[in-house]
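*Asks:* Quick check, what structure comes out for this input:
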Amino acid sequence: MGKYFSVEVKPTMPMATQIDSDASDAVFGANDVVFDWTSFEIPKGAARLVDITCIWRGNQTAKALEFYFARTTSTNGDPSSLGTGNATAGGTGYYKDVIGSAVMAAADFKTTIDNLTIGNTGYGTNDSPLGLVLQGRPDSGTNVGFDKIYIALITAGGSGWNTSTGVLANAAVSAGAASTFVTKTVDPRLFFDVGDVVHVHDSETAIGTVESLTNNDINLTAVTGVAIAEDDEIMNISPITLKLGFEK
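*Replies:* Numbers count the residues shown, from 1 in each chain. Here you go, the predicted structure:
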């Protein structure tokens, strides 16, 4: 019997790649980078990736996605950028570090939950596990006994994916002024959960980490880290969660 384990990855996506500075939706087009190389660690040695679960906030019109995997450079550095988010994968210099890829077809997604779009590789198109073997370079992990692997995501099936929330600030709040702020237009519980790091749409500095939510309040674990203007759209720095299932 194989030994199974799972790894959760929550990539961070800069605001500039998620939404326009005027709060217009920045929809990901076909072949756009959704997020660049994001590291995770697995027990040292080769492991077989048998499943990817992709949980995307919001009810989306599902399109195919492509996942790419890489290892550290020969000097255990990060691979060069795959490309700028919300633009084509025009990066260079990472070619020797790529170790595999996987596709999640549109049919692999379930969209009946109101506020989540959830996909699993092999759900709609092929019942077989992935069977992709991944192995990092020796001594690449930050802890003894682990190796570092990277994952990146590109849209493949056309335009449509987005991360906009429609949750707007009800009034201005100064940086450091409060640990609670009021929202309007959309119930924040539809897009955010406890532990999420939230931003205003036009700042790469976080407002803070969500401690609790009501239908029109976001309560933070600390005072606001950046000024909020009325009608700023509130965004999630990590709107996508990945669950990677392995056999060792």
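*Asks:* how about Ala16, secondary structure?
*Replies:* Secondary structure assignment for Ala16 (DSSP: H, G, I helix; E, B strand; the rest coil): helix.
*Asks:* Look at it and say how many residues are nearby.
*Replies:* 16 (other CB atoms under 10 Å). No exception for glycine: its C-beta is placed from N, CA and C like everyone else's.
*Asks:* how about it, what does it touch?
*Replies:* Gly85, Glu204 (CB atoms under 8 Å, 6 or more residues apart in numbering).
*Asks:* how far away is it from Asp36?
*Replies:* From Ala16 across to Asp36, the span is 12 Å (CB to CB, to the nearest Å).
*Asks:* hey, what's in contact with both of those two?
*Replies:* Jointly contacting Ala16 and Asp36 under the rule CB under 8 Å, 6+ apart are Gly85.
*Asks:* Can I take it that Gly166 is in a helix?
*Replies:* No. Read with three-state DSSP, Gly166 is coil and lies in no helix.
*Asks:* right, and it touches Glu233 too?
*Replies:* Yes. Using CB atoms under 8 Å, Gly166 is in contact with Glu233, at 7.1 Å.
*Asks:* who's more crowded, those two?
*Replies:* Glu233 (25 against 17).
*Asks:* Is the more buried one bridged to anything, and to what?
*Replies:* Counting by DSSP bridges, Glu233 is bridged to Leu168.
*Asks:* what's it in contact with, if anything?
*Replies:* Glu233 touches Ile19, Ala23, Ser164, Thr165, Gly166, Val167, Leu168, Val200, His201, counting by CB under 8 Å, 6+ apart.
*Asks:* Pull out the buried residues from these.
*Replies:* Ile19, Ala23, Ser164, Thr165, Gly166, Val167, Leu168, Val200, His201 (16 or more other CB atoms under 10 Å).
*Asks:* what's the closest of those to Ala227?
*Replies:* For the buried ones among the contacts of Glu233, the residue nearest Ala227 by CB to CB is Val200; the value is 8.1 Å.
*Asks:* Model confidence score at the closest residue to the closest one other than its chain neighbours, please.
*Replies:* For Val200, ignoring the flanking residues on the chain, the nearest one in space by CB to CB, 6 or more residues apart in numbering is Asp232 at 4.1 Å. pLDDT for Asp232: 97.
*Asks:* Closest to Thr73 out of the contacts of Glu233?
*Replies:* Of all the contacts of Glu233, Thr73 sits closest to Ile19, with 31.9 Å by CB to CB.
*Asks:* Quick check: phi and psi at that closest one.
*Replies:* Note on Ile19: backbone dihedrals following degrees, to the nearest 10 are phi -160, psi 150.
*Asks:* Could you do Pro188 as well?
*Replies:* Dihedral angles (degrees, to the nearest 10) for Pro188: phi -60, psi -20.
*Asks:* neighbours around the residue nearest to Val200, how many?
*Replies:* The number of residues packed near Asp232 is 23, by other CB under 10 Å.
*Asks:* Could you pull up the residues touching it?
*Replies:* Counting by CB under 8 Å, 6+ apart, Asp232 touches Ala23, Leu168, Ala169, Val200, His201, Asp202.
*Asks:* can you rerun that using 10 Å?
*Replies:* 23, 167-169, 172-173, 181, 183, 199-203, 207, 226 (CB atoms under 10 Å, 6 or more residues apart in numbering).
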